[in-house]
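Trainee: Need the 3D shape of this:
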Amino acid sequence: MEQLLDILRELHPETDFEKETSLIDDGILASFDIVMLITRIEEEFDVVIPAKEIVPNNFNSAKALYALIKKIGEQDD
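Mentor: Residues are numbered from 1 along each chain as shown. Presented below is the predicted three-dimensional model:
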C-alpha cells in the first residue's frame, strides 16, 4: 500500500490519500492523472489493469485502488 501511496503523492502531494474517498467524484484526479497512474501501477506492481476495471469506484480512494491491484494480481497467479 505504501508504494501506491507514494505514486499518488507524486501526482498530488497536497492530498491526504489515506483519508480521501472521492478522488474521482471531487475532481482531485483528472483523466490525465488516471492515465499516468495506470502506467505507474502497471510498471510498479507488474499488473495490467483491464479497461473494464477503469471505473470511478476503483479509483475514488487509495484503498479501492489497492484492492483492485490485489485482485488483478491474484488473477494472474
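
Trainee: Quick check: residue 4 touching residue 64?
Mentor: No - using C-beta atoms under 8 Å, residue 4 makes no contact with residue 64, being 10.8 Å away. (Each C-beta comes from the backbone N, C-alpha and C, glycine too.)

Trainee: between these two, who's got more neighbours?
Mentor: Using other C-beta atoms under 10 Å as the criterion, residue 4 and residue 64 rank with residue 4 on top: 19 against 16.

Trainee: hmm, who's touching the strand or helix carrying the more buried one?
Mentor: Per DSSP states H and E, residue 4 falls inside helix 2-11. Under the criterion C-beta atoms under 8 Å, 6 or more residues apart in numbering, residues 15, 17-18, 29, 33, 36-37, 40-41, 44-45, 62, 65-66, 69 lie in contact with helix 2-11.

Trainee: Could you pull out the buried residues of the helix or strand of the chain with the lowest mean pLDDT?
Mentor: When each helix and strand of the chain is scored by mean pLDDT, DSSP states H and E, helix 62-76 comes last, with a mean of 92. Within helix 62-76, the residues that count as buried by 16 or more other C-beta atoms under 10 Å are 62, 64-66, 68-69, 72.
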